[in-house]
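1. A structural model of the following input is requested.
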Amino acid sequence: MFFFKKLIVPFLMPFPLGLAMFFAGIFLVWFTKKQKTGKILRTSGILWILFFSLNPVADLLLSPLESAFLKYEPGVQTVKYVVVLGGGHISDQRLPLSSQIGSASLTRLIEGVKIFRENPGSKLIVSGYEGGDKTPHAVIMANIAKSIGVDASDIIIEPRSKDTKDEARMIKDIVMDDPFVLVTSASHMKRAVALFKFHGLSPVPAPTYFRIKGSDTFTLMPSRDSLIKSEAAIHEYLGIVWANLVGQT
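-> Have a look, this model is predicted:
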């Protein structure tokens, strides 16, 4: 089921789906007599990609996700654990540690370390399996945390979880009934909280890596950044639908 989800979802994103429409149209124009259908598909594919590359569209999709929870405020509740959910990485000894994980993962970790320091006596939990790499994502994050001053004895590594569902299930065995802060990207927080609550946990949300910011300039010019924002939002909506379908929330 995990690999099925990982194989199918990428092809439902606006860019690959738009490209598929475009190339299907080219095939029909060049190799069949369905000229009109081919031209419609080509045009539709390009317009589809352009539509999701517009900043107002991207923000409209992302806003309900990123506004679901406010930023974490220290001192409101004492917590024993700070959980930082994993993301992507490539372990490459030629690169500094900070360049071996994605920007979203690095931002999550920085926020997690900050919150860990705001809660004396707490433990920092990092998660994530190796994926196609030789080193688990959690180990890379733990090494970065240690490099910026977090003591190894204060870090708990959970290197087996492949996705958020696994993280919720496996982290439950660590935190038990103790209060904890959950750190992940703002767009991912809604789904993450739902999955953790499904497993009987009550995380304190600490969203970070916000893509919508108040200083953003309104523009109707298509851009790669807007397309990335749209795909991030659609990925989460698909994840929420999937979790509902398979009874994970």
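
2. Phi and psi next, for the nearest residue to P179 once chain neighbours are set aside.
-> Spatial nearest neighbour of P179, chain neighbours left out: V79 (4.6 Å); criterion: C-beta to C-beta, 6 or more residues apart in numbering. The way it works is simple: take the backbone N, C-alpha and C, and place the C-beta from them, glycine included. Backbone geometry at V79, expressed as degrees, to the nearest 10, gives phi -130, psi 150.

3. tell me the contacts of V79?
-> Each residue near V79 by C-beta atoms under 8 Å, 6 or more residues apart in numbering is listed here: 119, 122, 178-181, 204.

4. just those now: which is nearest L65?
-> V204 (18.3 Å; C-beta to C-beta).

5. isn't that closest one right next to G75, touching?
-> No: with contact defined as C-beta atoms under 8 Å, V204 does not count as touching G75 (11.7 Å).

6. The two: who's more crowded?
-> Regarding V204 and G75, a neighbour count based on other C-beta atoms under 10 Å identifies V204 as having more, with 19 against 7.

7. State the three-state secondary structure for the residue lying closest to the more buried one once chain neighbours are set aside.
-> Leaving aside its chain neighbours, V204 sits nearest to V181 (4.7 Å; criterion: C-beta to C-beta, 6+ apart). Classification of V181 by DSSP: H, G, I helix; E, B strand; the rest coil places it in strand.

8. List buried residues within the contacts of V79.
-> 119, 122, 179-181, 204 (16 or more other C-beta atoms under 10 Å).

9. and the two most separated of those residues?
-> Spatially, the most separated pair among these is S122 and V204, at 11.5 Å (C-beta to C-beta).

10. List the contacts of S223.
-> Counting by C-beta under 8 Å, 6+ apart, S223 has contacts 53, 55.

11. Just confirm D225 is within a helix.
-> Yes: counting by three-state DSSP, D225 falls inside a helix.

12. Pull the contacting residues for it.
-> Neighbouring residues of D225 by C-beta under 8 Å, 6+ apart: N55.

13. Please determine how far it is located from G38.
-> 31 Å (C-beta to C-beta, to the nearest Å).

14. which residue packs closest to the residue nearest the centre of the chain, ignoring adjacent ones?
-> Nearest to the mean C-alpha position of the chain, counting by C-alpha atoms, centre = their mean, stands H188 at 5.3 Å. Spatial nearest neighbour of H188, excluding adjacent residues (C-beta to C-beta, 6+ apart): E236 at 6.2 Å.

15. List the contacts of I26.
-> Counting by C-beta under 8 Å, 6+ apart, I26 makes contact with 38, 42.

16. when you give positions from now on, start the count at 23
-> Yes, from this point I'll number from 23; that puts the last item at I48.

17. Following the helix or strand hosting it in sequence, what is the next regular element?
-> Taking DSSP states H and E as the definition, I48 sits inside helix 36-53. Sequence-wise, the next helix or strand downstream of helix 36-53 (DSSP H and E) is helix 57-74.

18. Can you check what angle separates that next one from helix 36-53?
-> Angle between the axes of helix 57-74 and helix 36-53 is 160 degrees (criterion: axes from the mean of the first three to the mean of the last three C-alpha atoms, to 10 degrees).

19. Contacts for helix 57-74 next, please.
-> 36-37, 39-52, 54, 79-80, 244, 248-249, 252-253, 256.

20. please redo it, this time with the cut-off set to 7 Å
-> 36-37, 39-41, 43-44, 46-48, 50-51, 79, 244, 249, 252 (C-beta atoms under 7 Å, 6 or more residues apart in numbering).

21. before we move on, what about stretch 248-257?
-> For stretch 248-257, contacts defined as C-beta under 7 Å, 6+ apart pick out 31, 35-37, 74-77, 79-80, 83-84, 87, 209, 233.

22. Could you do stretch 114-122 as well?
-> For stretch 114-122, contacts defined as C-beta under 7 Å, 6+ apart pick out 111-113, 128, 162, 165-166, 169.
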